[in-house]
Structure formats: C-alpha cells, structure tokens
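In: sequence below, structure please.
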Amino acid sequence: MDTNQEKILEKAQERVIETLARNMDLYGITMSTGLLYGTLLFQDKSMTLDEMGEALGMSKTSMSTGVRTLMELNMVEKIWKKGTRKDHYEVNLDWYQNFIDLFSVKWRHACEHNVHALKKSLLELRALQQSEELTEEFRERVDLSIKRIENGLEYYLWLSRLIDSLESHDIFQFVPKKENES
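Out: Predicted structure coming up:
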C-alpha cells in the first residue's frame, strides 16, 4: 500500500478517535478511556491490555481501568481466544446500543439519587407543614418548596420512562434508526 494512502487512513482514524474521546469526556468518561474506545473501534482484531497500552503509550493499569469502565457501559466485551491465557477485548460496534447503555446507566443512576433526595426533602417539608407554629409567610414558602419538589418528581418519573423506552428500544418507533426514504 502507498505510504501516503496509509497516512490519510491513519489521520482520518485519529480524527474520529479524538472526536469520540472528546464527546465521551462530556458525559463523564475520561479522555483516556475515550481514546481507548476509539482505538479499539478501528481494530480488525481483539486486543489485550498489553497491546492497548502499547498502542496508546499508557500503562497496563490505566488500560485495565478504562476497559473496566467500558465493560460496565457494555461498550467493550471480553472475548475468549483459543491458545492464549490473556484476556482479549473488542468494541461493541452497535453505536445505537452504546448510546442507550451509556445514557441509561448514567441517567438511571442520577434519577435514583435525585429522587431519593427529593423524597427525603418532601417528607421533611410535609412534616414541617404540619407545625402549627409557622407564620403564614413561612408556610407559603414551605408550600412553594413542596410544589417545586413535586414538579421535580414528575420530571424524574418522565425521565425514568424515557430511559425505559431507550432500554426496550421503543424509542425507535418514534425516532427510527434511519430516516424513511421517500
């Protein structure tokens, strides 16, 4: 193959890898883990942690941490390879499922954490609301806070249904993977 063609291919791949890594960084995934994902994406074979470390110039420990993160998000999977004792990893090529897994995990965790905090505050405010020692002005402030928290809980119920529609793939009924060609 022509070395100029090889350079064009490498530059194009590096641009995509860097872009993916920067995008993943926006969603709380470290840049190095994003670079690892992008590197695995363009491999025509599975890779070991040693191979990943060599390809990225990073430590095996760093690669292990990144792979673990990507496996938790179902973006990378460990595969068995005959004749070797080392673990091999490859990327999940389904970008739609990768998106669903990434956001479902992060959104569901955030929802559960936030709903817990809102419900705890709501219980405290409802107990406070029962006090007969409150001034009218303070009671109005408590009532307003309760309404705002209840509104927040409605939002998190909606967000939970959105996550459910992603995980069940019902979302594709409303937003198809490909635009219908007419």
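In: so where's this protein shaky on pLDDT?
Out: 1, 180-182 (pLDDT under 70).
In: would you map the helices across this structure?
Out: In the chain, the helices defined using DSSP state H lie at 3-26, 31-41, 49-56, 60-72, 95-129, 136-167, 171-174.
In: closest one to Tyr89 among the ones you listed?
Out: Closest approach to Tyr89 among the helices of the chain (CB to CB): helix 60-72, 5.6 Å. Just so you know, the C-beta spots here come from the backbone N, C-alpha and C atoms, and that holds for glycine as well.
In: elements contacting the closest one?
Out: helix 31-41, helix 49-56, strand 76-79, strand 88-91 (3 or more CB pairs under 8 Å, 6 or more residues apart in numbering; DSSP states H and E).
In: go with 7 Å
Out: In terms of contacts (3 or more CB pairs under 7 Å, 6 or more residues apart in numbering; DSSP states H and E), helix 60-72 is packed against helix 31-41, helix 49-56, strand 76-79.
In: kindly reformat those as TSV containing distance to Glu167 and mean neighbour count.
Out: Output for these, formatted as TSV (distance: least, CB to CB, whole Å; neighbours: other CB atoms under 10 Å):
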stretch	distance to Glu167	mean neighbour count
helix 31-41	21	22
helix 49-56	29	17
strand 76-79	18	15
